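A.B. asks: Give me the fold of what follows.
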Amino acid sequence: MSVSYEYYKIFYYAAKYRSFNKAANALMNSQPNITRTINNLESLLGVKLFDRQHTGVTLTPEGEVLYKHVQAAHRHFEIAEDAIESIRELKTGSVTIGFSIGITDQMINDQVLPALRSFHEDYPDLHLQIFNNSSPQLVQDVADGVLDLAVVTTTEEHSRDVKEHILYSFRDTVIAGKAYRKLISKPLTLEELTGYPIVSLWHETETYDLYSSFFAEHGYKFYPAVETATAAQVLSFVESNMGIGFIHPDSARESIDSKQVYELKLEDGLPERKISLIYNGSLQKGSAAYILKGYFGEE
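C.D. replies: Residues are numbered from 1 along each chain as shown. Model prediction:
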């Protein structure tokens, strides 16, 4: 049996309003056309769908069964229309993304850019705005709605308004310049390490807090001789023999291979770190930011 979808649409509104006249108004149609369509539908289905009264219409038992299914189908059409509208709206607008200053260019190239590139290819007219700041500030900005998303070094304490999707885990490597080459002969203890100048990200970053806690847990104070603004600067200062630094292994690989810096070993090892995508838990479905987080594997 082949029944026009338009018949079911008219039936839906007539059943919803319990009135052919109100259905006609809602559909910007005429009452005689509504009546004719319902009559045709009843003839095609071979059942009576409405009991007609002067005050309106009521569904018959057969009509109730049909309405239940048509109502569900109508809801699916509404969802489909909303999805199409979202896609249409994604042809304009922007997404704001924050990157932690503790994340190096190499980490962005490997872990972040593939997702952003795919998103940009699918939605080329969307404008991406990139910002840099410390992880704690980025998390707060996401919670406050200042930023849509942020890629940060994980913080254990953050606003309950934000959600976290871990991208990957790693451990920093300990590096030193040529002036400290002698230290590669054997693993260092943390106590020995505290006897040398340390280069670190500045004190309002997640990286600084991580190592401050790590040293404190072992009974030592973390007091860097140099605090920098970016992870790339940590590498530069270490190459200049300004002290010993902690950095992502991939970011230091080229300098280690060229012997601009040397990789040191620690007896205690360094704590595990995580890079995470942070987003507001109230992101609206279908929004550009909501769709973008899916490109990072977060549904």
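A.B. asks: Show me the shaky parts of the stretch 101-250 of the chain.
C.D. replies: For the stretch 101-250 of the chain, the stretches flagged by pLDDT under 70 are 154-160.
A.B. asks: For the residue lying farthest from the centre of the chain, what are phi and psi?
C.D. replies: Going by C-alpha atoms, centre = their mean, the residue of the chain most distant from its centre is His54, 56.0 Å out. The phi/psi pair for His54 (degrees, to the nearest 10) reads phi -70, psi -30.
A.B. asks: Is the nearest residue to Lys178 once chain neighbours are set aside part of a helix or strand, or is it coil?
C.D. replies: Spatial nearest neighbour of Lys178, excluding adjacent residues (C-beta to C-beta, 6 or more residues apart in numbering): Asn241 at 6.5 Å. Every residue, glycine included, has its C-beta placed from N, CA and C. Following DSSP: H, G, I helix; E, B strand; the rest coil, the label given to Asn241 is coil.
A.B. asks: Would you check that Asn241 makes contact with Gly177?
C.D. replies: Yes - at 3.9 Å, Asn241 and Gly177 qualify as touching, with contact defined as C-beta atoms under 8 Å.
A.B. asks: The two: who's more crowded?
C.D. replies: Neighbours around Asn241 and Gly177, counted as other C-beta atoms under 10 Å, are more numerous at Gly177. The numbers are 20 against 14.
A.B. asks: List the contacts of that one.
C.D. replies: Taking C-beta atoms under 8 Å, 6 or more residues apart in numbering, we find Gly177 in contact with Val238, Glu239, Ser240, Asn241, Met242, Gln260, Val261, Tyr262.
A.B. asks: How much space separates it from Gly243?
C.D. replies: 8 Å (C-beta to C-beta, to the nearest Å).
A.B. asks: Could I get the full set of helices for the stretch 51-200 of the chain?
C.D. replies: With DSSP state H, counting those that start in this stretch, the ranges of helices along the stretch 51-200 of the chain come out as 61-89, 105-107, 113-122, 135-144, 190-193.
A.B. asks: So if we follow the domain assignment, how does this structure break up?
C.D. replies: 5-89, 94-170+275-295, 173-271 (automatic domain parsing).
A.B. asks: ok so, going back, tell me the buried residues within the contacts of Gly177.
C.D. replies: By neighbour count, with 16 or more other C-beta atoms under 10 Å, those hold Val238, Glu239, Met242, Gln260, Val261, Tyr262 as buried.
A.B. asks: The third one reaches Ile198, doesn't it?
C.D. replies: Read that as Met242. No - applying C-beta under 8 Å, one finds Met242 not in contact with Ile198, separated by 9.7 Å.
A.B. asks: what sits in contact with each of those two?
C.D. replies: In terms of C-beta under 8 Å, 6+ apart, Met242 and Ile198 are both contacted by the residues Ala225, Val226.
A.B. asks: The nearest residue to Asn21 once chain neighbours are set aside: what's it in contact with?
C.D. replies: Distances taken as C-beta to C-beta, 6+ apart place Gln31 nearest to Asn21, at 5.0 Å, with adjacent residues excluded. Taking C-beta under 8 Å, 6+ apart, we find Gln31 in contact with Phe20, Asn21, Ala24.
A.B. asks: which of the buried ones among the contacts of Gly177 lies closest to Gly98?
C.D. replies: Of all the buried ones among the contacts of Gly177, Val238 has the smallest distance to Gly98: 26.0 Å, by C-beta to C-beta.
A.B. asks: Cool, thanks, talk later.
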